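Colleague: Give me the fold of what follows.
(one chain, ligands or ions: 2)
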Amino acid sequence: MLHIIWDLMTIEFVIVTGIALIFGTWVGFYAAKPRSLKGKHVMITGGSSGIGKYLAIECAKNGAHVSLVARNPALLEEARAEILKFASAAEQKVSCFSTDVSGPYEQVERTVLQAEEELGPLFLLANCAGYAKAARFEDTSVEEMKKLMAVNYLGAAQFSRAVISGMKGRREGSIVFVSSQGGLCGIYGFAAYAASKFALRGLAEALAMELKPYNLTVTVSFPPDTDTPGFAEENKDKPEETRLISESAGLFSPETVAKLLLDHSLKGKFISTVGLEGFLQSTVCAGMSPVTSFVDLLIQVFSMGLVRLVSAFYLFKFDRIVVKCMENRDKKKRSL
Ligand SMILES: NC(=O)C1=CN([C@@H]2O[C@H](COP(=O)(O)OP(=O)(O)OC[C@H]3O[C@@H](n4cnc5c(N)ncnc54)[C@H](OP(=O)(O)O)[C@@H]3O)[C@@H](O)[C@H]2O)C=CC1
Ligand SMILES: CCCCCCCCCCCCCCCC(=O)[C@@H](N)CO
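Modeller: Ligands and ions are numbered 1, 2, ... in the order given. So this is what the prediction gives:
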């Protein structure tokens with residue numbers, strides 16, 4: 001009996017994947033026309049390092065003027081010089097703004113105003129500034145919880161709030177949020193971090209509905225572990241459990257994450273994922289997120305049950321990791 005159900009589900013999956021692939025090829029190559037960035041102004045918070053910096057490089061390659069927002073002025077200048085090398089035209093500009101995204105709102109507004117004076121009206125805002133702190137919940141200070149929320153969530157919310165009226169008036173533009181695969185399912189060691197990344201999804205969904213009539217799109221990216229300076233920092237004191245569980249979604253380069261994110265954003269896709277696990281996870285977590293891709297909707301409709309089953313295997317594996325790590329720690333303690 002069980003194997004008949006399994007066979008039926010497999011057949012269903014193969015048919016759906018087949019249809020999706022044919023449609024996907026058609027839509028991907030012929031129908032979906034990405035918007036052009038030539039001469040447009042793109043603002044990237046967290047643009048001086050990691051995913052944000054590579055996103056800036058991609059935008060520069062596509063002919064955009066780029067404004068970078070981060071705290072450290074030296075790092076900003078360094079990134080500016082690197083990004084300029086990738087500009088496709090001599091008149092392209094890259095400007096730096098040393099602003100804390102979690103600082104006072106007046107400062108955020110001033111940064112946006114100044115950047116628009118220098119580089120023109122904003123076409124795309126990418127909220128990449130953020131950080132991760134991996135620790136068991138009882139080892140996480142309340143201060144750290146507040147800071148994660150202030151930088152990862154409020155930072156993105158304040159910048160979005162500051163650019164929206166202008167974009168609505170112009171009837172063109174796009175907002176990008178960088179969440180995380182840890183913003184789709186809560187895992188060991190990421191309690192405080194996950195909350196800040198889940199929050200971004202709620203914001204993005206509501207905003208997408210508000211902005212759609214104004215021809216504005218919202219994209220939220222859910223990257224897996226990405227090889228950046230921020231990732232190296234997070235690894236210094238990351239619990240073994242968090243590392244092992246995260247690893248099951250793979251490790252990707254910031255170039256890959258940034259390229260996909262820009263492509264998805266310019267095509268108006270709401271969800272941007274990287275890798276097979278990322279795609280499967282976004283499928284099972286599709287919920288009531290906006291429908292921006294017919295192919296994705298088709299895949300979600302026909303494979304949701306099966307992918308949920310696959311997710312149960314992953315969760316089972318994660319629980320095993322947690323138990324194993326606990327046993328190993330106990331063993332070590334006893335041998336001391
Ligand atoms: N790397 C990874 O494995 C993953 C990362 N992400 C998310 O992607 C985003 C980028 O991460 P990643 O590229 O690894 O990080 P990096 O640490 O390499 O870069 C972070 C950037 O954000 C800036 N930044 C940090 N805090 C603030 C602040 N308070 N105000 C203004 N700017 C700030 C940093 O500059 P400065 O310090 O000078 O301010 C820097 O430019 C983050 O939101 C992260 O949570 C999501 C999934 C996986
Ligand atoms: C059918 C379902 C399949 C799903 C399998 C995949 C499950 C992945 C678990 C979560 C991975 C969390 C990575 C967070 C990376 C991150 O945000 C930090 N590195 C930040 O710097």
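
Colleague: Pull out the buried positions in stretch 322-336.
Modeller: Of the residues in stretch 322-336, those buried by neighbour count under the rule 16 or more other Cβ atoms under 10 Å are Val322, Cys325. Every C-beta, even on glycine, is put in place using the N, C-alpha and C of the backbone.

Colleague: how about the residues of the stretch 151-300 of the chain near ligand 1?
Modeller: Listed as neighbours of ligand 1 in the stretch 151-300 of the chain under the rule Cβ under 6 Å from any ligand atom: Val151, Asn152, Gly155, Val178, Ser180, Pro223, Asp225, Thr226, Thr228, Pro229, Gly230, Phe231.

Colleague: what about the helix ranked longest in the chain and ligand 2, any contact?
Modeller: Criterion DSSP state H: the longest helix present in the chain is helix 294-335. Yes - figure legend: helix 294-335 in contact with ligand 2 (Cβ under 6 Å from any ligand atom); contacting residues Val307, Val310, Ser311, Tyr314.

Colleague: so how far is Ser49 from the third one?
Modeller: Meaning Ser311. Using Cβ to Cβ, to the nearest Å, we find Ser311 at a distance of 32 Å from Ser49.

Colleague: For those two, indicate the residue with more neighbours.
Modeller: Comparing Ser311 with Ser49 by neighbour count (other Cβ atoms under 10 Å), the higher total belongs to Ser49, at 21 against 16.

Colleague: Now do the SS call for whatever residue of the stretch 51-200 of the chain ends up closest to ligand 1.
Modeller: Here the stretch 51-200 of the chain gets closest to ligand 1 at one residue, Gly130, 2.2 Å apart by Cβ to the nearest ligand atom. Per DSSP: H, G, I helix; E, B strand; the rest coil, the secondary structure class of Gly130 is coil.

Colleague: residues in contact with the closest residue in space to it that isn't next to it in sequence?
Modeller: In space, and not counting its chain neighbours, Gly130 is closest to Asn152: 4.4 Å by Cβ to Cβ, 6 or more residues apart in numbering. When the contact criterion is Cβ atoms under 8 Å, 6 or more residues apart in numbering, the partners of Asn152 are Gly130, Tyr131, Tyr193, Ser196, Lys197, Ala199, Leu200.

Colleague: Tell me the pLDDT of Asn152.
Modeller: The model reports Asn152 with a pLDDT of 98.

Colleague: what sits up against stretch 41-48?
Modeller: 52-53, 55-56, 59, 64-70, 72, 75-76, 78-79, 83, 96, 101, 112, 115-116, 119-130, 155-156, 159, 163, 178.

Colleague: Can you select the buried ones among those for me in PyMOL?
Modeller: Command for PyMOL that selects the buried part of those, burial taken from 16+ other Cβ under 10 Å:
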select buried, resi 52+53+55+56+59+64+65+66+67+68+69+70+75+76+79+83+96+101+112+115+116+119+122+123+124+125+126+127+128+129+130+155+156+159+163+178
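
Colleague: Which ones among the contacts of stretch 41-48 lie within helices?
Modeller: Filtering those for helices - DSSP H - leaves 52-53, 55-56, 59, 75-76, 78-79, 83, 112, 115-116, 119, 155-156, 159, 163.

Colleague: picking that back up, what's near enough to touch the residue of the stretch 51-200 of the chain closest to ligand 1?
Modeller: Contact partners of Gly130, counting by Cβ under 8 Å, 6+ apart, are Gly46, Val151, Asn152, Gly155, Ala156, Val178, Ser196, Gly230.

Colleague: And the strands in the protein, which stretches?
Modeller: With DSSP state E, the ranges of strands along the chain come out as 41-45, 65-70, 94-98, 122-127, 173-178, 216-222, 225-226, 251-252, 271-273.

Colleague: what mean pLDDT does the fifth one have?
Modeller: Averaged across strand 173-178, the pLDDT comes to 98.

Colleague: Ok, the third one next?
Modeller: Across strand 94-98, the average pLDDT comes to 98.

Colleague: what angle do it and strand 41-45 make?
Modeller: Between the direction of strand 94-98 and that of strand 41-45, the angle (axes from the mean of the first three to the mean of the last three Cα atoms, to 10 degrees) works out to 30 degrees.

Colleague: Likewise for the fourth one?
Modeller: Orientation check (the same axes, to 10 degrees): strand 122-127 against strand 41-45 gives 10 degrees.
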